[in-house]
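# let me see the structure of the following:
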Amino acid sequence: MEQPRFTEKPEIDSEARVIRAIIANEVLHAKFLNTLSLLENTGARKISAFEHSENVNLMVLKHAAEEHRHAFYLKKQLTKLGSEKCPTYEACFLLAPIVSRQYLQKLDIETSRYLRNKLGLSQNTLRQAAYLLVTYAIELRADELYPRYQEALTAASSKINVKSIILEEQGHLEEMISQLKMFSPSWAEHAACIVRMEQLLYKEWMNHLGKEV
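Predicted coordinates for the structure are as follows:
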């Protein structure tokens with residue numbers, strides 16, 4: 001079954017305008033990079049939180065390590081903007097700090113609620129299913145956002161580069177699909193519901209970014 005995607009062209013055009021405006025302003029660009037780093041770091045921490053105390057496989061460890069590396073890589077990219085900008089994840093160094101911090105937390109909560117109400121899963125099974133579905137939705141988002149960001153960076157002849165992240169995120173998405181197929185034969189139906197939830201949260205996040213440019 002085809003992967004569910006729900007981003008419409010007007011939204012893509014609006015997103016592209018916001019990203020271009022951010023890149024054109026060095027201060028906003030630094031905060032955007034730092035915000036992406038925050039999101040990657042939050043994702044890595046949530047993967048660790050989802051881990052079973054004993055049943056941890058190589059894929060989970062690899063995924064958490066790569067998300068942490070993405071957070072580090074994005075932080076390092078800040079040096080290319082010419083100064084020591086955004087040293088921490090304090091609100092003053094982020095774009096849309098409240099919405100950015102709540103993004104993954106809200107998706108986790110809504111996904112867990114969906115799994116309890118729709119499938120009646122036990123706690124351990126629910127945690128595993130939530131990890132797979134939330135990660136899938138976020139990787140699907142990354143598979144769209146980072147290439148658009150890179151396209152805008154290239155057009156602006158920016159020194160910032162996220163091509164290595166794009167390649168790894170594509171690999172993560174393939175891994176999640178493989179795991180979801182083993183989780184449920186109707187994985188795509190459940191994934192589509194979670195992707196819709198993520199789409200609304202992403203739209204809210206992008207709207208808040210737009211207010212800052």
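# OK, contacts around the most centrally placed residue in the chain?
Nearest to the geometric centre of the chain sits Ile138, at 4.3 Å (Cα atoms, centre = their mean). Ile138 sits next to Gly43, Leu104, Leu107, Glu198 when contact means Cβ atoms under 8 Å, 6 or more residues apart in numbering. (Glycine included, C-beta is placed from N, CA and C.)
# neighbouring contacts of stretch 176-187?
Gln3, Met59, Gln128, Ala129, Leu132, Leu133, Thr135, Tyr136, Glu139, His190, Ala191.
# in that stretch, what's buried?
Judged by neighbour count (16 or more other Cβ atoms under 10 Å), stretch 176-187 contains these buried residues: Met176, Ile177, Gln179, Leu180, Phe183, Trp187.
# please identify the helix or strand for the fourth one.
Same thing as Leu180. Assessed by DSSP states H and E, Leu180 sits inside helix 163-183.
# following that helix, which helix or strand comes up?
Immediately after helix 163-183, counting by DSSP H and E, sits helix 187-211.
# and the angle for the longest helix seen in the chain with helix 163-183?
The single longest helix within the chain, with elements called by DSSP state H, is helix 123-155. In terms of direction (axes from the mean of the first three to the mean of the last three Cα atoms, to 10 degrees), helix 123-155 departs from helix 163-183 by 150 degrees.
# what residues of helix 123-155 count as buried?
For helix 123-155, by 16+ other Cβ under 10 Å, it's 126-143, 145-146, 149-150, 152-153.
# what does stretch 192-207 give?
Across stretch 192-207, burial judged by 16+ other Cβ under 10 Å covers Cys193, Ile194, Val195, Met197, Glu198, Gln199, Leu201, Tyr202, Trp205, Met206.
# so which of those residues comes closest to Glu90?
Trp205 (18.5 Å; Cβ to Cβ).
# and the gap between Ser186 and Val162?
According to Cβ to Cβ, to the nearest Å, Ser186 stands 34 Å off from Val162.
# cool, Arg113 as well?
Counting by Cβ to Cβ, the gap from Arg113 to Val162 is 33 Å.
# of these two, who's got more company?
Val162 (21 against 12; other Cβ atoms under 10 Å).
# contact partners for that one?
Leu74, Gln77, Tyr146, Tyr149, Gln150, Leu153 are the contacts of Val162 under Cβ under 8 Å, 6+ apart.
# wait, the fourth one touches Val18, no?
This means Tyr149. No. In this structure, Tyr149 is not within contact of Val18 by Cβ atoms under 8 Å, at 10.6 Å.
# and the closest residue to Ala142 other than its chain neighbours, what is it in contact with?
Nearest residue to Ala142, sequence neighbours excluded (Cβ to Cβ, 6 or more residues apart in numbering): Glu169, at 4.2 Å. Residues counted as contacts of Glu169 (Cβ under 8 Å, 6+ apart) are Glu139, Ala142, Asp143, Tyr146.
# next up, the contacts around the third one.
If you count contacts by Cβ under 8 Å, 6+ apart, Asp143 has them with Ile166, Glu169, Gln170, Leu173.
# what about this structure, any weak spots by pLDDT?
Low-confidence segments of the chain, defined by pLDDT under 70: 1-10, 49-57, 83.
# tell me which helix or strand the nearest residue to Met197 once chain neighbours are set aside sits in.
Spatial nearest neighbour of Met197, chain neighbours left out: Glu110 (4.9 Å); criterion: Cβ to Cβ, 6+ apart. In this structure, Glu110 is located in helix 97-119 according to DSSP H and E.
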